[in-house]
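Colleague: After the sequence you'll find the predicted model.
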Amino acid sequence: MTQSSAPFLPFVRPEIDDETIAGVVEVLRSGWITTGPQNQAFEAALSAFCGGRPVRTFNSGTATLEIGLRIAGVGPGDEVITTPATWVATSNVILEVGATPVFADIDPVTRNIDLDLLEKAITPRTKALIPVYLAGAPVDMDRLYAIAKAHNLRVIEDAAQALGSTWHGKRIGAIGDIVSFSFHPNKNLTSIEGGALVLNNEDEAKLAQKYRLQGITRSGHDGMDCDVLGGKFNLTDVAARVGLGQLPHLERFTQQRRKLARAYFDGFEGGAAVKLGVGLPVRDFEHTNWHMFQITLPIERLSISRGEFMEELKQRGIGSGVHYPALHLFSLYRARGFKEGMFPHAERFGASTVTLPLFTQMTGDDIARVCRAVNDICTQFAKQA
Ligand SMILES: *Cc1c(COP(=O)(O)O)cnc(C)c1O
């Protein structure tokens, strides 16, 4: 076993600058630490980023999806189509609003929902679609919205991983129906925890605000009414200040991630891993923000399991992750009748994918070290033919 002397390389680490840290201290000293002026400033900055569309912040990217569904009028009796290759939040929120999740398998090359299969899954009960931009790579947005329009469906984009991604020069968030972002620390921009919804008009924005805080509307000096059942989903000003401090760096973050992704492709080219059948993502430097760099392992050609492969990486001082096991095979979904074989591409991807380190403060040397480790492990544990 190779024990590494280099410092441990996690698979993700947020970059927060001193200006942001000083700003957070100021907020803490200001006397107003929950939702207030920092949230207003963060919403305004995000709105400007999204072409002037209305934006409302939330305390998670799960809350944004759930409220997005409510604003789109999705509820009991409705079907919502999404991918099984995503973080379980995407589908849990469909259950949360009382609707029925319907899955369409992924395209094994893009790893995103297969739009042909999505279209086939539409029934008279379908009310909305939740496309997920895995690792930041958008689906074919023209095709997606052509399908939505033809079938009169709402779209709640799970763009949790796609802040900074574009579709033919237009930002994700600046186009489309309802768009949901997450600011979890693993995402390209963080507010510690948090999220934002991009909406179509001021009526939707007002509704988002109500759902965010108990369904309350205030009027005059002392008026208050509650006319919808809202929850408690507001973002603190401390968190908003973190997000606000990150936003000016987003473009640089994206460029750096693209550079590192390129280094991965160069590092793997012609090496033992690729020769053995390790799968790489689509080589796209135009649309995706490179939220993650995920390889797939040729499990049948290795003498070790994926878990053991990840342990070998760890022994070499390298962190990794799994994003994501096919969610229809979780107990909650099996209990609803889902089982193996229903979405073979998502199942295969979910069982073989490994997320390699990718974050803005990594260097070319770090990438080379990861590529070397992956190649070495593949060489060491290749099954003898
Ligand atoms: C992170 C993420 C979410 C949920 O966001 P949270 O802020 O963690 O609630 C939903 N969908 C996808 C695809 C994600 O990556």
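Modeller: Nice, thanks for sending it over.
Colleague: Find the closest residue to the ligand in the stretch 51-200 of the chain.
Modeller: Of all residues in the stretch 51-200 of the chain, residue 61 sits closest to the ligand, at 2.7 Å by Cβ to the nearest ligand atom. The way it works is simple: take the backbone N, C-alpha and C, and place the C-beta from them, glycine included.
Colleague: and if you look at the stretch 201-350 of the chain?
Modeller: For the stretch 201-350 of the chain, Cβ to the nearest ligand atom, closest residue to the ligand: residue 323, 7.6 Å.
Colleague: so that residue makes contact with residue 355?
Modeller: Yes: counting by Cβ atoms under 8 Å, residue 323 touches residue 355, with 5.1 Å between them.
Colleague: tally of neighbours for the residue of the stretch 51-200 of the chain closest to the ligand?
Modeller: Residue 61 has 26 neighbouring residues, counting by other Cβ atoms under 10 Å.
Colleague: likewise the one 5 residues further on?
Modeller: Under the neighbour criterion other Cβ under 10 Å, residue 66 is assigned a count of 23.
Colleague: quick one, what contacts it?
Modeller: Going by Cβ atoms under 8 Å, 6 or more residues apart in numbering, residue 66 touches 93, 96-97.
Colleague: Separate out the buried members of these.
Modeller: Among the contacts of residue 66, those classed as buried by 16 or more other Cβ atoms under 10 Å are 93, 97.
Colleague: near the ligand, which residues of the stretch 1-150 of the chain?
Modeller: With the criterion set to Cβ under 6 Å from any ligand atom, the stretch 1-150 of the chain comes near the ligand through 60-62, 86-87, 89-90, 132.
Colleague: neighbours of residue 114, just the number please.
Modeller: When neighbours are counted by other Cβ under 10 Å, residue 114 registers 21.
Colleague: Find the residue closest to it in space, skipping its chain neighbours.
Modeller: Once flanking residues are discounted, residue 114 sits nearest to residue 107: 4.4 Å by Cβ to Cβ, 6 or more residues apart in numbering.
Colleague: Can you check what pLDDT the model gives the one you found?
Modeller: Each residue has a pLDDT score; the one for residue 107 is 98.
Colleague: which residues are common contacts for residue 323 and residue 355?
Modeller: With Cβ under 8 Å, 6+ apart, residue 323 and residue 355 have common neighbours 292, 294.
Colleague: Outline the domain layout of this structure.
Modeller: Domain assignment for the chain, taken from automatic domain parsing, gives 18-248, 250-381.
Colleague: circling back: would you check that the residue nearest to residue 114 makes contact with residue 346?
Modeller: No: using Cβ under 8 Å, residue 107 is not in contact with residue 346; the gap is 10.2 Å.
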